[in-house]
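Novice: Return atomic coordinates for the entry below.
(one chain, ligands or ions: 1)
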Amino acid sequence: MDGSYSLKPEEQAKGTSFKQSFKRVKGDVWDSGEGLCEPSCSLSVNNISYTVSERLGPWWDIPSYRKRWTRQILNDVSFHVDSGQIMGILGNSGSGKTTLLDAISGRIGSSGVLLGEVFINGRKLKREEYQDCFSYVLQSDNLLSYLTVEETLTYTAQLALRKHSDEAIKKKVSAVMAELSLTHVAHSVIGGRIFAGISGGERRRVSIACQLLQDPKVILLDEPTTGLDSMTANQIVVLLAQLARRDRIVVVTIHQPRSELFRVFSKIAIMSRGELVFCGEPEEMVNFFSQCGYECPEYCNPFDIYVDFTSVDTRSSEREAATMNRMHEIASSYQRSDINRRMLAQIEQSLQKSDKPDIPFKSKESPSGAAKLEVLLRRTVRNLSRDRMGVLMRLSQNLIYGLFVAFFVMRLDLDVSKGAIQDRIGIIYQSIGASPYTGMLNAVALFPALRAIGDQESQDGLYSKWQMFLAYVFHILPFSVLSVFIFTSFLYWTIGMNPDTLRFLCYTAVVMVPHIVGELLTVVLLGVVQDPNMVNTGVALLNIAGILVGSGFLRSTQQMPEVFQWLSYLTFQKYSCELLIVTEFYDLNFSCNASQLLPGACVVNQGNQIIEQGYPGALSRFTLDFILLYAFLPALLLLGMISFKIRDRIIRH
Ligand SMILES: Nc1ncnc2c1ncn2[C@@H]1O[C@H](COP(=O)(O)OP(=O)(O)OP(=O)(O)O)[C@@H](O)[C@H]1O
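Specialist: Predicted coordinates for the structure are as follows:
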């Protein structure tokens, strides 16, 4: 399977070669073309039901909103698959295919009630063992755009199998790439929305390859062909059949497979309204539907026809009643059929076996928490460092903002009558007020994609979501420091702030915190709020509130009601503004050309007067203010870890 991937001509012609080269010989013994082999593993799903409690109406219709009803999403679903087999789950939209996979892979939300059991080799799986046993490939490919295929797989292998030597990991990655025909694109980048990389089908294969690194016996795939053209979709299904043939169980939900894939599947399950209306071999399906009186017309795709026969049409109440009856009629025929009886007997047989093989868990020699963090950090840095626009954006945003300010202010004066005091206060206000926004913009643009990857990989058991959060925070620090340093170096000296190197360093150290806090706060909120736009708005409002209450510029702190005075202690703006006022105004003397001004306009002509009148005691609190300001960073790190632990509970995948 090295090199370019294509269907063999005879497969393209008939789509039957798999079944022919992979015949059922006797009972559960399969000929894989490499000699007869007993299935080494079996998956039995027994009476899985899932119900959720839903509100009757929308929130604006209060009476119905207060009432709840119980909705059955899955209803007593049972099936049995042996290793070597690929089972395709079909059904119209909303029939419960994804929920079924979520249920058997342990990724179902805690919002409903899940009943039923899952057995591997006749041994009952505990709920907490589901994820250690099954690999789950989601519908969307969550991959880092700037990594190559080989790098992507190597980092995943390092996260999953760190205890292996580098050499062993390299071999494993090469083997998986060969198995999935990815060797020819090993050094190509994955690509993203704004730049081209490998094709959609190859990306899907990389997602599957990431799962294969842990040697799962059971692979579940949710709509792996969605978004692919029909030829590529076929190739993916054929590839999955080949993976199954190598002694694995593959269960795949699929929309509208092409008819030539009919015989590629070992088993086909059809779902409708949460019920399994049929589950059996392709030939059995044709006979079953014919016996029910629903023949597949010649030249029609049996998949489409049988899904149509079992779907409920809700376009009118008459159609709904008629199609619902038909669906129930087919489902009960299946329940009474020999096909179903045989399948139940297979489940029973595997449960009764005296010498049950062990449960084949995925390879999981996880590295320590610190080692995982190190891999995540390396991976994130490498991805960002190749993102030219991302790096440029990070480094230049603050500087561009500094250019606006410098252009507007030009050069600070020492004459009070020429705005010496007002301009300096304005610069401090802008430095503190605006820098959180640039941090926020970075996080909103770059973090959601990483969050999606973190969600998936943490569900795969590779690491915890808070580790991804920490890796993100650590990887932005050097960029943030550099970006703020470029900004302050330019602005401070260009507009002529207090010309003292130590004061410049203090100014830089202070402005650094709001910028990092802006990004950190955004990431913390993105842990518990899914929508980046809401987080955007939330952080912007919090920043506005913070600068109003904390800066003392709009209203002096002493004049504020007591509650706001207390609240100001919770804002980083209070400490940073106090610090910058001291840094700029301490021991600075102004001139005043009083002849052009009203009498008394030159009363304030020393920087120390500004400090004492506006921020009494700020001079003595200088060190304390610094400590309190910098305390916001570890506090937000802690909050972030809590936020991503909460995310573990609220987001299932
Ligand atoms: N936690 C839940 N709460 C409420 N409804 C749910 C929940 N989970 C699933 N559903 C509903 O169950 C039905 C089945 O959803 P599911 O995603 O499994 O369908 P599907 O067959 O995979 O559909 P599609 O092919 O469109 O992806 C849908 O109507 C969905 O809205």
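Novice: wait, doesn't Ser435 sit right on Thr508?
Specialist: No: applying Cβ atoms under 8 Å, one finds Ser435 not in contact with Thr508, separated by 11.2 Å. (Glycine included, C-beta is placed from N, CA and C.)
Novice: and the protein, which of its residues are near the ligand?
Specialist: 52, 54, 73, 91, 93-99, 109, 111-112 (Cβ under 6 Å from any ligand atom).
Novice: what's the distance between the nearest residue to Leu412 once chain neighbours are set aside and the ligand?
Specialist: The shortest distance from Leu412 to any non-neighbouring residue, by Cβ to Cβ, 6 or more residues apart in numbering, is to Gly496 (4.7 Å). Taking Cβ to the nearest ligand atom, to the nearest Å as the measure, Gly496 falls 61 Å from the ligand.
Novice: Find the residue at the geometric middle of this protein.
Specialist: Residue closest to the mean C-alpha point of the chain, counted by Cα atoms, centre = their mean, is Ala452 at 1.1 Å.
Novice: my guess is that residue meets Leu144, correct?
Specialist: No: with contact defined as Cβ under 8 Å, Ala452 does not reach Leu144; the gap is 10.7 Å.
Novice: list the contacts for Ala445?
Specialist: 390, 393 (Cβ atoms under 8 Å, 6 or more residues apart in numbering).
Novice: Now do stretch 336-346: distance to the chain's middle.
Specialist: Its chain's C-alpha centre and that of stretch 336-346 lie 40 Å apart, by Cα atoms, centre = their mean, to the nearest Å.
Novice: for stretch 528-541, same thing?
Specialist: 17 Å.
Novice: buried ones in it?
Specialist: 532, 535-536, 538-539 (16 or more other Cβ atoms under 10 Å).
Novice: in the stretch 51-200 of the chain, which spans are helices?
Specialist: 62-66, 97-105, 130-133, 149-160, 166-179, 200-212 (DSSP state H, counting those that start in this stretch).
Novice: actually the stretch 451-600 of the chain, not the one I wrote
Specialist: Along the stretch 451-600 of the chain, counting by DSSP H, counting those that start in this stretch, helices occupy 465-495, 501-528, 532-550, 562-568, 572-585.
Novice: Looking at those helices, which one is packed in the most?
Specialist: helix 572-585 (a mean of 26; mean count of other Cβ atoms under 10 Å).
Novice: so where is the stretch 551-653 of the chain shaky, pLDDT-wise?
Specialist: Along the stretch 551-653 of the chain, the parts satisfying pLDDT under 70 run over 594-601, 651-653.
Novice: List the buried residues of stretch 182-199.
Specialist: 182-183, 185, 188-191, 197-198.
Novice: do stretch 303-323 as well
Specialist: In terms of neighbour count (16+ other Cβ under 10 Å), stretch 303-323 has its buried residues at 303, 305-307, 309-313, 323.
Novice: what would the residues you listed look like in TSV with secondary structure?
Specialist: Formatted as TSV, the buried residues of stretch 303-323 follow (DSSP: H, G, I helix; E, B strand; the rest coil):
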residue	secondary structure
Phe303	helix
Ile305	helix
Tyr306	helix
Val307	helix
Phe309	helix
Thr310	helix
Ser311	coil
Val312	coil
Asp313	coil
Thr323	helix
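Novice: The closest residue to Leu125 other than its chain neighbours - how many residues pack around it?
Specialist: Nearest residue to Leu125, sequence neighbours excluded (Cβ to Cβ, 6+ apart): Val118, at 4.8 Å. Other residues within reach of Val118, judged by other Cβ atoms under 10 Å, total 23.
Novice: if I look at Val118, how far off is the ligand?
Specialist: The spacing between Val118 and the ligand, counted by Cβ to the nearest ligand atom, is 17 Å.
Novice: per-residue pLDDT, that residue?
Specialist: Here the pLDDT value assigned to Val118 is 93.
Novice: do the same with Asp358
Specialist: Confidence at Asp358, expressed as pLDDT, is 83.
Novice: Backbone torsions only: list them for it.
Specialist: phi -70, psi 160 (degrees, to the nearest 10).
Novice: these two touch, right, it and Glu129?
Specialist: No: in this structure, Asp358 is not within contact of Glu129 by Cβ under 8 Å, at 12.0 Å.
Novice: Tell me which of these two has more neighbours.
Specialist: For Asp358 versus Glu129, the count of surrounding residues by other Cβ under 10 Å is larger for Glu129: 16 against 9.
Novice: quick one: that one and His80, what's the gap?
Specialist: 19 Å (Cβ to Cβ, to the nearest Å).
Novice: Ok, Gly122 next?
Specialist: Distance from Gly122 to His80, counting by Cβ to Cβ: 10 Å.
Novice: who touches both of the two?
Specialist: In contact with both Gly122 and His80: 42, 44, 350, using Cβ under 8 Å, 6+ apart.
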